[in-house]
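Novice: Curious how this folds, go ahead:
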Amino acid sequence: PEAQFIHVAGLKVVCPATPADAKGLLLASIRDPDPVLFFEPKRVYRAAKGDVPDGDYTVPLGKAAVVKEGGQVTLVTWGAMLYEALDAAQKCAAEGIDCEVLDLRTLVPMDVDAIVATAKKTGRVVVVHEAPKSCGLGGEIVALVNEKAFLHLEAPPKRVTGFDTPFPYTLENEYLPLSHRIVPAVLETARY
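Specialist: Residues are numbered from 1 along each chain as shown. Down below sits the predicted model:
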């Protein structure tokens, strides 16, 4: 439902993927003087494992993280889809495609500089999110890439998203943009 909230002026929107980011972003959100909506993807609760530093630390709001360096195609994602993007990147590596994976972590304010930098670096962008394609945040990211990095693009940006239907809770794996749907989009973009 992030698209409903990113349109609210003055509201910050955070969606961590890793346990360490969850702690650091939550502490940063609590201390932020503005209202922050903190998404916690339930799918990550069941799947994500990782070390969490002891003590007090924050992860700055509005700063994306390059989770995997690469040089041919950029996968831009956030939340639970980070793990699907990383799995797709590994499968694409077996096909000779070197993917960079960018985790936005904060949707508002969005790290536009990081998106533009990686788009210029690879020249190819695939945005992955679990919300429906129509009016999703992926469309905004594609627009930003086209506005700020168009002359660096080697292929049109693509989106791999949920479908434009209500979320089917009993058919979650059919709806979500899992790696088996991401890989063909990456290969098509890489070979454009």
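Novice: CA only for contacts and neighbour counts going forward, please
Specialist: Noted.
Novice: Find the least confident helix or strand in the chain, judged by mean pLDDT.
Specialist: One helix or strand of the chain scores below all others by mean pLDDT, DSSP states H and E: helix 42-47, with a mean of 70.
Novice: List of residues touching the helix or strand harbouring residue 172?
Specialist: Assessed by DSSP states H and E, residue 172 sits inside helix 172-175. Contacting residues not belonging to helix 172-175 are listed as 162, 163, 167, 168 [C-alpha atoms under 8 Å, 6 or more residues apart in numbering].
Novice: Check the burial of the last one by counting its neighbours.
Specialist: To tie it back to what came earlier, the one meant is residue 168. 11 (other C-alpha atoms under 10 Å).
Novice: What pairs with the lengthiest strand in the chain, parallel or antiparallel?
Specialist: Secondary structure of the chain per DSSP state E: the longest strand is strand 125-132. The strands beside strand 125-132 in its sheet (DSSP bridges) come out as strand 73-77 (parallel), strand 158-162 (parallel).
Novice: any idea of the mean pLDDT for stretch 144-161?
Specialist: Averaged across stretch 144-161, the pLDDT comes to 98.
Novice: what does it rub up against?
Specialist: Residues outside stretch 144-161 that contact it (C-alpha under 8 Å, 6+ apart): 112, 115-116, 119-120, 122-133, 138-139, 142, 176-177, 181-182, 185, 189-190, 192.
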